[in-house]
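# sequence and predicted structure below; questions after.
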Amino acid sequence: MAGAFSTLDGSGSMPKTWLSLQEQVAQLHCRGLIIDDDEACLRFLSQVSYYRFSGYFRYWQRSPETGDNRFVKGANFSAIREAYETEQAVATLAFEAIQKLEILLRTTFAHHYAQYTSPEGALTRGMELTQPPNPNEEPIEEHVLRDLDRSKEAYVSHYRDESKKDLQGKYPAEAYDHMPVWAVSEALSFGTLSRCIQACSGTPILDNIASSLGVARAPLANQIRSLAYLRNRIAHHARIWNHSVLDAPPLPMNIKRRAKQKYGNFEPRSIFTIFVIMDKLLTESEISNTWLHEDIWPRLKNSPLTTRGLLTPRKYGQMDLTVT
């Protein structure tokens, strides 16, 4: 059939052959995937690439890691598409919630950092920030300065002193001496903001941030880092279904216990753990006290396969694919 492979390239992997959309559907048929409507499958693959979709249907293949791409008995295109589409709907809701939390965190950090240090010139100099223990890592303020230097926002240019620009086109900390912290915080990436909040550990700044948010201080910095991580995955359209978070965010025992009583078991490295953290922050900040229970959970209840992948992620061949 078109697209069959017979030789290995220099890297030891099969050389790839271009396939038309019709040939892609035929290949799925040939490998044993049940497709009730070829036109619907073709239309879907024209919008969601075969390669992207393979990250999902691999769970229904016999042994993709060894090159056996045949589908297990009963594998159905409609079921896999439904899991994908539910994940996408949930990811959209999660991204919207993270946007609100990100703005909240920028506001809260700037307010308490400026109160404890100075409204101007402190953050770009790293005042009161705990630096990375590894001397080879960049100081936190270097991340701040880099974000400011590459910003095209008019308000950054307004506060930036162009006379301080060096021969390499960079601006030292003193170029931003009159830029208020609340303006600086708006120009930072979420990753840099997360670093700044974590670097406030050991100071009253983090205590005040946690108190203002109504959450525990100890796990907060790492929890915020997990929000930045999830935000970046969703923004870059990366899969969150059956994805295991490498750096598991800490979840206080009382919050974990209540969440498990309400939603069932979920693993520490699951995306759902981050959802529970988000729900706590949304509730305590009075942005929403229904996000997880009313926006997310009803969609998951209607899609058991999506639920399993978000609560108890598994590797290929390890997931229960039966639909109940």
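Structure's in. What do you need? Numbers count the residues shown, from 1 in each chain.

# leaving out sequence neighbours, find the closest residue to Ala94.
Nearest non-adjacent residue to Ala94, counting by C-beta to C-beta, 6 or more residues apart in numbering: Ile234, 6.3 Å away. All C-beta spots, glycine's among them, are computed from the backbone N, C-alpha and C.

# isn't that neighbour up against Ala228?
No - applying C-beta atoms under 8 Å, one finds Ile234 not in contact with Ala228, separated by 11.1 Å.

# can you tell me how far the residue nearest to Ala94 is from Glu87?
Per C-beta to C-beta, to the nearest Å, Ile234 is found 10 Å from Glu87.

# please enumerate the shared neighbours of those two.
Ile240 (C-beta atoms under 8 Å, 6 or more residues apart in numbering).

# on that earlier part again, wait, is the residue nearest to Ala94 part of a helix?
Yes - counting by DSSP: H, G, I helix; E, B strand; the rest coil, Ile234 is located in a helix.

# ok, it - contacts?
Each residue near Ile234 by C-beta under 8 Å, 6+ apart is listed here: 91, 94-95, 98, 240.

# got it, and Pro132?
Neighbouring residues of Pro132 by C-beta under 8 Å, 6+ apart: 138-140.

# dump those into CSV; add secondary structure, pLDDT and distance to Glu294 as well.
Output for those, formatted as CSV (DSSP: H, G, I helix; E, B strand; the rest coil; pLDDT from 0 to 100; distance: C-beta to C-beta, whole Å):
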residue, secondary structure, pLDDT, distance to Glu294
Glu138, coil, 93, 42
Pro139, coil, 94, 43
Ile140, helix, 95, 38
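
# out of those, who's the most crowded?
For the contacts of Pro132, the largest number of neighbours (other C-beta atoms under 10 Å) sits with Ile140, at 20 neighbours.

# contacts only, for that residue.
Applying C-beta under 8 Å, 6+ apart, we find Ile140 in contact with 126, 129, 131-132, 195-196, 199.

# just these now: which is nearest Gly169?
Gly126 (21.7 Å; C-beta to C-beta).

# quick one: the helices in the chain?
Applying DSSP state H to the chain gives helices spanning 21-30, 38-47, 50-57, 77-116, 140-150, 154-159, 181-187, 190-198, 204-213, 220-235, 253-263, 271-284, 297-301, 304-311.

# output the contacting helices and strands for the second one.
It stands for helix 38-47. helix 21-30 (3 or more C-beta pairs under 8 Å, 6 or more residues apart in numbering; DSSP states H and E).

# mind listing what's buried in the helix it packs on?
Using 16 or more other C-beta atoms under 10 Å as the test for burial, helix 21-30 gives 23-30.

# any idea how far the helix or strand bottoming out on mean pLDDT in the chain is from the chain center?
The least trusted helix or strand in the chain, going by mean pLDDT, DSSP states H and E, turns out to be strand 61-63, with a mean of 92. Counting by C-alpha atoms, centre = their mean, to the nearest Å, strand 61-63 is centred 28 Å from the centre of its parent chain.
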